[in-house]
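>>> this one's structure only:
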């Protein structure tokens, strides 16, 4: 029977009925396993942060390349339109689907102005791995939560130590990449 309060007694099931640490060595092994599981979760969080920064840079490069291509197309279109139009005829109002043009006072070239994209575009090579990593993190979180729900004090302390050591090791890596 599970003890429904914080305790340090032996005999709680951990994940499976067959995993029933009763000896001090078995409990120590379970605690080491929980520390490693918590460390792995922190490593996965750091990896996700690094990948998020990489994916953000790649998406920005892809959208800026697309924007520069649109700018070149618009510039070519304007220059060909200016050659075909008599000088006394005003240009038509632009179509709403085209980017708005802004005349620079220092140059005669018009530059497109566009609202910056707030959400990165859907890129399957980024979004599917992001989903898989997030699902893995959720699975690890639930596994650790199940260990805490045994109310076994040694398990809880092991998980907290694993999270703390994992954050010491991997936290600065994740934070360096995301800023």
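In hand now; what should we look at? It should be emphasised that the depicted structure is a prediction, and the values quoted were computed from it without experimental measurement. Residues are numbered from 1 along each chain as shown.
>>> residues touching residue 13, list them.
2, 19-20, 150 (C-beta atoms under 8 Å, 6 or more residues apart in numbering). Glycine gets a C-beta too; all of them are placed from N, C-alpha and C.
>>> now swap in residue 18 and tell me
By C-beta under 8 Å, 6+ apart, no residues touch residue 18.
>>> hmm, back to that, of the contacts of residue 13 - the most surrounded one?
Taking other C-beta atoms under 10 Å as the neighbour criterion, residue 150 ranks highest of these with 18 neighbours.
>>> Spatially, and excluding backbone neighbours, which residue is closest to it.
residue 12 (4.4 Å; C-beta to C-beta, 6 or more residues apart in numbering).
>>> isn't that neighbour right next to residue 149, touching?
No: using C-beta atoms under 8 Å, residue 12 is not in contact with residue 149; the gap is 9.9 Å.
>>> which one of those two has more residues nearby?
More crowded of residue 12 and residue 149, by other C-beta under 10 Å: residue 12, with 22 against 13.
>>> still on that earlier bit, any idea which of the contacts of residue 13 is least confident?
Minimum pLDDT across the contacts of residue 13 is recorded for residue 2, with 73.
>>> helix, strand or coil for that residue?
For residue 2, the secondary-structure state derived from DSSP: H, G, I helix; E, B strand; the rest coil is coil.
>>> what about residue 153, distance to residue 57?
Counting by C-beta to C-beta, to the nearest Å, the gap between residue 153 and residue 57 amounts to 44 Å.
>>> Residue 2 too?
Shown here: residue 2 relative to residue 57, a distance of 49 Å by C-beta to C-beta.
>>> now the residue nearest to residue 150, what's its secondary structure?
coil.
>>> quick one: contacts for it?
Shown here is residue 12, whose contacts under the criterion C-beta under 8 Å, 6+ apart are 2-3, 20-21, 150-152, 155.
>>> switch the cut-off to 7 Å
Under the criterion of C-beta atoms under 7 Å, 6 or more residues apart in numbering, the contact list for residue 12 reads 2, 150, 152.
>>> go on, residue 144?
By C-beta under 7 Å, 6+ apart, the residues touching residue 144 are 37-38, 41, 159.
>>> switch the cut-off to 10 Å
The neighbours of residue 144, taking C-beta atoms under 10 Å, 6 or more residues apart in numbering as the test, are 34, 37-38, 41, 155-156, 158-159, 162-163.
>>> and which of these is nearest to residue 127?
Of all these, the one with the least separation from residue 127 (C-beta to C-beta) is residue 41, at 21.6 Å.
>>> Distance of the closest one relative to residue 12?
With distances taken as C-beta to C-beta, residue 41 is found 21 Å from residue 12.
>>> Whichever of the contacts of residue 144 end up buried, select them in ChimeraX.
Buried members of the contacts of residue 144, identified by 16 or more other C-beta atoms under 10 Å, are gathered into one ChimeraX selection as follows:
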select :34,37,38,41,155,156,158,159,162,163
